[in-house]
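Peer 1: Pasting a predicted model and its sequence here:
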Amino acid sequence: MACPVCKSINTGKVGHNTYYCANCLLEFTESGGEIEIFYIDAEGSSFALRDKEVALKLVESIREDNNLLLQEKLEELIIKS
């Protein structure tokens, strides 16, 4: 399955309808045509991201190794439960 964020085919299945993209370092699930995107932090905690645009911003921050932006913005980018 291609990554819904970066369109890479460098993905792998890690669980039932759960995939990991080695290109953008995000997990995503597909269920009933709906895609959910998750950021997994260094401790293994999973954070649901609001949408693809948010996921792209996060990926850019990770690639630039901008940990300050990542820490400051993560709360704005995730879905609050």
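Peer 2: Done, it's in. Numbers count the residues shown, from 1 in each chain.

Peer 1: ok, the residue most central in space within the chain - contacts?
Peer 2: With distances taken as C-alpha atoms, centre = their mean, residue 26 lies nearest the centre of the chain, 3.3 Å away. With contact set as C-beta atoms under 8 Å, 6 or more residues apart in numbering, residue 26 has these partners: 3, 5, 20, 37-40, 49, 55, 58-59. From N, CA and C alone the C-beta is placed, and that goes for glycine too.

Peer 1: Tell me who's in contact with the closest residue to residue 31 other than its chain neighbours.
Peer 2: Nearest residue to residue 31 in three dimensions, chain neighbours excluded: residue 17, at 5.6 Å (C-beta to C-beta, 6 or more residues apart in numbering). Contacts for residue 17 (C-beta under 8 Å, 6+ apart) come out as 29-31.

Peer 1: same deal with residue 21?
Peer 2: So residue 21 contacts 3, 5-6, 8, 10-11, 27-28 (C-beta under 8 Å, 6+ apart).

Peer 1: ok, now how distant is it from residue 56?
Peer 2: In this structure, residue 21 and residue 56 are 12 Å apart, going by C-beta to C-beta, to the nearest Å.

Peer 1: Need the overlap of contacts for these two.
Peer 2: With C-beta under 8 Å, 6+ apart, residue 21 and residue 56 have common neighbours 5-6.

Peer 1: separation between the residue of the chain positioned farthest from its centre and residue 17?
Peer 2: Most distant residue from the mean C-alpha position of the chain: residue 32, 18.9 Å away (C-alpha atoms, centre = their mean). Applying C-beta to C-beta, the value for residue 32 to residue 17 is 10 Å.

Peer 1: Quick check: next helix or strand after the helix or strand hosting residue 20?
Peer 2: Per DSSP states H and E, residue 20 falls inside strand 18-21. Counting by DSSP H and E, the next helix or strand C-terminal to strand 18-21 is strand 26-31.

Peer 1: How about the residue nearest to the centre of the chain: which residues does it bridge to?
Peer 2: Beta-bridge partners of residue 26, counted by DSSP bridges, are residue 21.

Peer 1: again with the one 4 residues further on
Peer 2: With DSSP bridges applied, the residues forming beta bridges to residue 30 are residue 35.
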